[in-house]
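Chemist: 3D model of this:
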Amino acid sequence: MKPLSTAPGLLCVLLSMMTLTGCMEMLRSDAANFGRQRAQARSEALTANRLASQQAAPARKLAGEELTRFLAGKSHVSEYRKTTGAAQPYYAEYVYYGRDGRYLWLNTYEQRDPATTPWGTWQVNGEVLCVTQQRGAAEPHCYTLRLEAGGTVQYWIHQPDDPFHGLLTARVTMVREGPQTPSFVSSPAQMH
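Modeler: Modelled structure (predicted):
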């Protein structure tokens, strides 16, 4: 049996090896890891949004009655492809702005059925569109919308106290009359 005096030395060597090999992650709590990963993801998203905003095509800002008419009774459809030439998107979102001020967000992955998806609300105040969802954040998400010459709609974040304020967050290339139902189903394997 080894003397106990070598135990602290062995522990020191083991901790040094763990640090050098990046295994210190094991010693952090799940909450600390989640917080660090979330902060890293937010930082990366902020960088990407800044770059996208700098490269955005010129567009005309929509406001007031024009913005309300542009949204009311229409669905904005966003399709995401893994490659530019992919025939079918791997994921799509459908945002419907009801004429009565109701807001519905559907997608091809988890929220496919309008009958089982909670509705939110939308309203326009000047040049700002704000949507509130029934599930998720209680605070509204606000945007300004710009229209490119070719019809693509740009969504710019309008959250004055947020680092993302004034940044491009989405480009919608399809605006359709009425509510839309997801036309295909995507799976978790397609998402990655």
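Chemist: going forward, measure contacts and count neighbours with C-alpha atoms only.
Modeler: Fine.
Chemist: which regions of the chain lie under the pLDDT threshold?
Modeler: For the chain, applying pLDDT under 70 flags the ranges 1-28, 135-137, 184-192.
Chemist: how about the strands in it?
Modeler: Here the chain has its strands, by DSSP state E, at 59-61, 74-80, 91-97, 102-107, 120-125, 128-132, 141-148, 153-157, 168-172, 174-177.
Chemist: and those strands as TSV, adding mean neighbour count?
Modeler: As requested, the strands of the chain are exported to TSV (neighbours: other C-alpha atoms under 10 Å):
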stretch	mean neighbour count
strand 59-61	15
strand 74-80	19
strand 91-97	23
strand 102-107	22
strand 120-125	18
strand 128-132	20
strand 141-148	20
strand 153-157	23
strand 168-172	19
strand 174-177	15
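Chemist: And the residue nearest the centre of this protein?
Modeler: Centroid-nearest residue in the chain, with C-alpha atoms, centre = their mean: T169, separated by 7.8 Å.
Chemist: Please name the bridge partners of V172.
Modeler: Applying DSSP bridges to V172 gives these bridge partners: V153.
Chemist: follow-up on the earlier one: how close does the residue nearest to the centre of the chain get to G151?
Modeler: In this view, T169 and G151 are 17 Å apart by C-alpha to C-alpha, to the nearest Å.
Chemist: quick one, what contacts the nearest residue to G120 once chain neighbours are set aside?
Modeler: In this structure, G120 finds its nearest non-sequential neighbour in Q133, 4.1 Å apart by C-alpha to C-alpha, 6 or more residues apart in numbering. Contact criterion C-alpha atoms under 8 Å, 6 or more residues apart in numbering gives Y103, P118, W119, G120, T121, P140 as the residues in contact with Q133.
Chemist: so where's the longest helix in the chain?
Modeler: helix 30-54 (DSSP state H).
Chemist: For that helix, name the packing helices and strands.
Modeler: On a contact count with 3 or more C-alpha pairs under 8 Å, 6 or more residues apart in numbering; DSSP states H and E, helix 30-54 meets strand 168-172.
Chemist: So which residues make contact with the strand it packs on?
Modeler: 49-50, 52-53, 56, 76-78, 152-157.
Chemist: on that earlier part again, can you say which of the strands of the chain is nearest to P114?
Modeler: Nearest of the strands of the chain to P114, taken as C-alpha to C-alpha: strand 102-107 at 7.3 Å.
Chemist: Reformat the contacts of Q133 as JSON lines; add distance to G178.
Modeler: Shown next, in JSON lines, are the contacts of Q133 (distance: C-alpha to C-alpha, whole Å):
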{"residue": "Y103", "distance to G178": "12"}
{"residue": "P118", "distance to G178": "17"}
{"residue": "W119", "distance to G178": "15"}
{"residue": "G120", "distance to G178": "16"}
{"residue": "T121", "distance to G178": "16"}
{"residue": "P140", "distance to G178": "23"}
